[in-house]
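J.: Give me a 3D structure for the following:
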Amino acid sequence: MAAESFVEILQMLKMMVLPTPVLLWNVNDNFTEAGELRKGAQNSDHFEARLEEAFHEIIFYTQLFHNHPFN
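T.: Below you'll find the predicted structure:
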């Protein structure tokens, strides 16, 4: 819910917000201090799939904005 409240603020600052939020919980249990996903952790399969989708969205919008700049 807290992240949702930031969406309007980010949009007012003309920042792109991904259409689907990336929700991560129990970060200390699922990621190393270096930020690597711990394989076999309780939620690692979900996190891996959702992060992959998010990176796909980021690449898509980066290419879209690059090819069609907003003036």
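J.: For residue 18, grab phi and psi.
T.: phi -60, psi 140 (degrees, to the nearest 10).
J.: gap between residue 64 and residue 55?
T.: 15 Å (Cβ to Cβ, to the nearest Å). Glycine gets a C-beta too; all of them are placed from N, C-alpha and C.
J.: er, residue 27 actually
T.: 18 Å.
J.: Pull out the buried residues from stretch 21-38.
T.: 30, 31, 37 (16 or more other Cβ atoms under 10 Å).
J.: How about stretch 64-71?
T.: Under 16+ other Cβ under 10 Å, stretch 64-71 has no buried positions.
J.: For the helix of greatest length in the chain, could you pull out the residues that count as buried?
T.: Longest helix in the chain by number of residues (criterion: DSSP state H): helix 44-67. When neighbours are counted by 16+ other Cβ under 10 Å, the buried residues of helix 44-67 are found to be 47, 50.
J.: Just the C-alphas of that helix, formatted as CSV.
T.: Taking Å, rounded to 0.1, in the frame of the first residue of the first chain, the C-alpha atoms of helix 44-67 are listed here in CSV:
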residue,chain,number,x,y,z
SER,A,44,12.7,-17.4,-4.6
ASP,A,45,10.7,-18.9,-7.5
HIS,A,46,8.1,-16.2,-7.3
PHE,A,47,10.7,-13.4,-6.9
GLU,A,48,12.7,-14.7,-9.8
ALA,A,49,9.7,-14.8,-12.1
ARG,A,50,8.4,-11.4,-11.1
LEU,A,51,11.8,-9.8,-11.4
GLU,A,52,12.3,-11.3,-14.8
GLU,A,53,8.9,-9.9,-15.9
ALA,A,54,9.8,-6.5,-14.4
PHE,A,55,13.1,-6.4,-16.3
HIS,A,56,11.3,-7.3,-19.5
GLU,A,57,8.9,-4.4,-18.9
ILE,A,58,11.8,-2.0,-18.3
ILE,A,59,13.5,-3.1,-21.5
PHE,A,60,10.3,-2.7,-23.4
TYR,A,61,9.6,0.8,-22.2
THR,A,62,13.2,1.8,-22.6
GLN,A,63,13.2,0.8,-26.2
LEU,A,64,9.8,2.4,-26.7
PHE,A,65,10.9,5.7,-25.3
HIS,A,66,14.2,5.6,-27.1
ASN,A,67,12.4,5.0,-30.5
